[in-house]
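*Asks:* predicted model and sequence follow; I will ask about them next.
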Amino acid sequence: KLPERWSNGNHICILLNHPLHLGILQRSCSLASMTTNIESIAASTSEELEMKANSNCFGIVQNLEDKLPERWWETLFDEMYLKTDGDVVEDTAITLEEVETILSCLNLAKGAVLLDMCCGQGRHLLCLAKLRPDLVLFGIDQSEFLIKTAKERATEQSAPNVTFRVGDCSALPYEDAKFSAVIVMGNSFGYFERESVDSQVLGEIFRVLQPDGQCLLDLTDGGFMKANFSPRSWEWIDSSTFVCRERQLARDGRRLVSREVISSTSAGVIRDQFYAERLYTFPELNALLGAQGFDGSEQVDVLTGEKSERNQDLGMMAHRMLIKSLKPPSSELVETSELELDTAISMPTTSTAPPLLVVMGDPSLPSSEKLNQTWNPEDIETIEILRQAVVESFGEQREVRFLDSHQRLYFDLVSASMLDVKPLIFNLCDEGYLNHARLEMHVPALLDLLQLPYTGASPACLAICYDKGLVNALAAQLGVPVPAELYIPAYLDLDALSEAELTELFAKMVFPAFVKPVRGDGSVGITADSVVDSIADAVKYVKAIRQDVNVLTKDVIVQEYLSGDEVSVGIIGNPRLGVHGKVDLASACFMPVLKADFSGLPEDLPPILAYDSKWNPDSPYWTDVSYKPATITEEQQNVLYQHCAVLCERFELRDFGRFDWRWSKLGKCFKLLEVNPNPGWCHDGKAALMAKMMGLSYPEMIAKIVTSAEARLASSAPTGVKADAR
């Protein structure tokens, strides 16, 4: 196709550098008449070209998530889907191989009733109908087009044992215990924005399955895809249509957002569409399945689209997990329920105190905050020491039970809520539900819904304090000193800014400065490179945070770097403010002020409490940072206590909290770094060290947190009325 004198049309090469330009070119002139029209196209202004394409293409999009429709799946699955993905979903050989795998994985008796959820155009069910005409088959999908296609093909095939219908997979229109098996094939799980809706879908599958029913899920391997997805690709899908694709991780790092610009040689750009899928690893999905009551989940196979005849860009279909789960038999469900209610958290007959249920992170699951998302031996030792401390403090007074299996957590708590004497929940689940940092607030939210009394902060407090920028803004309104800071939202592309624009953006920031994610916990995203000496260094580290898949938020703050002492203040209890706002120091346990000692760090490391100081035993930040009583005046201490009490009141921080501060040499005061509701409780952490400084043992500190919560709950209840969950 190379013209002999191609240089006469060198403007064509310029136009073809983006699908948008190709589409404009092809809509303005057919390929046959390109020569006669090319000069008029080249003469068009960029504004005119953009106007011509606005109806079909968005042009350059810096962050794909910004263009993602809220319910994108309602419009994506039509006749074009059968073309763009047809190399896999319309390939009869691939479908036959997958159906044979389904039959080998599922034990389907004669006459078994099977549901294909998100069945698409019915390819698996129609193939099953041929191989197993004895089965009773049902298919449901939200796409009217695909269900219409499935029905037409079923009629052509004469498949009377298959029934198709349009419906919502999060609210299945079937009665309980209808199906022997439910399959979800073709990478059709994880589309929803919120993980809670995915859990709801699994709950619906569990509901419609018979006891001993089987569930088979086919979905992309999230760990593989996160590490191997192609940011850009393109392929011809037939002789006249090609598709260009872009992919980005969402801001939270949990979903992969994709874009497809579909172009025709005759019509130019015909569609510009966006979609997303949550990237689950097997342990994460196993936890979700367990939380809904499934047992024995296992990955039974790996599915690929390698037999695709096009075999160009397989995308999310390239490496998928096939996961099988079982619904327990009805007798097992009854026995479990009876166990939970009657024996597992029963109260000693000699005690009048309510049981104490300690809710913790789940060591059997990966943790979003930990190094490599893995629990190390120190973590397991810490849990065991905590257990011993709780038993030492309460074992002779009341029934004590530890809830650290998140697969069963919901059911355990529901059972607890049905007891005549409701237990007190000692909430130490700072890992978050399913060990996901963003789900920390969901644990007390569930406790509130179940009206179970618990220690520590409410969901609202945890949500506010998760956002460091929001905390500083509210603290400043209260007159609490905070560092100067610059907020850089995730959508702001610093590479797209000129040097002058960057200078203006950072105009009020004095260097050195400190860069960290605006939301998060556990010092995630804070490293030695967080301390920056120039705009260029700041831009470089902002980009590093955005590229780090372990950082769940991509919004960043650049703060004034405070080079003075870093101190922490711990409070056990619930401080009261007087009429004029002055704290009553006797109303709570104000712990001694603790100072971080960085003198042992190598000189090339900045004196900060980086991520490694909490999670990496091999780092100098772990081994060479120590703590000692702060050397401050009584006046400075009282000012810190007053500020902490005001923050407790404003954020409704309850029972146990820690506040981190750093001395400003310029401002001659301590400035707030962080407010920590439900802070670290480990035996060698800051709180335990402060407790030791005031003569409290670790078990005594743990007991003091629980008794402070009980005092709060008792004082909040009207006379003669038992305190509720709050």
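*Replies:* Okay, I see it.
*Asks:* just the buried positions in stretch 469-480, please.
*Replies:* The neighbour-count check on stretch 469-480 (16 or more other Cβ atoms under 10 Å) flags Gly469, Val471, Asn472, Leu474, Ala475, Val480 as buried. Where you see a C-beta, it was placed from the backbone N, CA and C, and this is true even at glycine.
*Asks:* just checking the distance from the stretch of helix or strand the fifth one belongs to to the centre of its chain.
*Replies:* Counting by DSSP states H and E, the secondary-structure element that holds Ala475 is helix 468-477. Going by Cα atoms, centre = their mean, to the nearest Å, the spacing between the C-alpha centre of helix 468-477 and its chain's C-alpha centre is 24 Å.
*Asks:* what of stretch 635-649?
*Replies:* Per Cα atoms, centre = their mean, the centroid offset for stretch 635-649 relative to its chain is 34 Å.
*Asks:* residues contacting that stretch, please?
*Replies:* 475, 478-481, 567, 569, 571, 574-575, 577, 581-583, 585, 588, 590, 593, 632, 653-654, 657, 659, 661, 669-670, 672, 675 (Cβ atoms under 8 Å, 6 or more residues apart in numbering).
*Asks:* again, but for stretch 698-718
*Replies:* By Cβ under 8 Å, 6+ apart, the list of residues contacting stretch 698-718 reads 356, 385-386, 388-390, 392-394, 424, 426, 453-456, 572-574, 588-589, 654-656, 681, 683, 687-688, 691-692, 696, 723-724, 726.
*Asks:* and the residues you listed, which of them are buried?
*Replies:* Using 16+ other Cβ under 10 Å as the burial test, those include 356, 385-386, 389-390, 393-394, 424, 426, 453-456, 572-574, 588-589, 654-656, 681, 683, 687-688, 691-692, 696, 723, 726 as buried.
*Asks:* any weak-confidence spans in this structure?
*Replies:* Counting by pLDDT under 70, the chain contains low-confidence ranges at 6-55, 305-314, 330-351, 717-726.
*Asks:* what's the most centrally placed residue in it in contact with, if anything?
*Replies:* Centroid check for the chain by Cα atoms, centre = their mean gives Arg254 as the closest residue, at 5.4 Å. Neighbour list for Arg254: Glu195, Arg278, Leu279, Leu552 [criterion: Cβ under 8 Å, 6+ apart].
*Asks:* Ala287 versus that one, what's the distance?
*Replies:* As defined by Cβ to Cβ, to the nearest Å, Arg254 lies at a distance of 14 Å from Ala287.
*Asks:* likewise Ala544?
*Replies:* As judged by Cβ to Cβ, Ala544 and Ala287 stand 30 Å apart.
*Asks:* my read: Arg662 touches Glu566, true?
*Replies:* Yes - with contacts defined as Cβ atoms under 8 Å, Arg662 counts as touching Glu566 at a distance of 4.8 Å.
*Asks:* what touches both of these two?
*Replies:* Leu673.
*Asks:* so what's the residue count around the residue lying closest to Pro363 once chain neighbours are set aside?
*Replies:* Once flanking residues are discounted, Pro363 sits nearest to Trp375: 5.0 Å by Cβ to Cβ, 6 or more residues apart in numbering. Trp375 has 21 neighbours, counted by other Cβ atoms under 10 Å.
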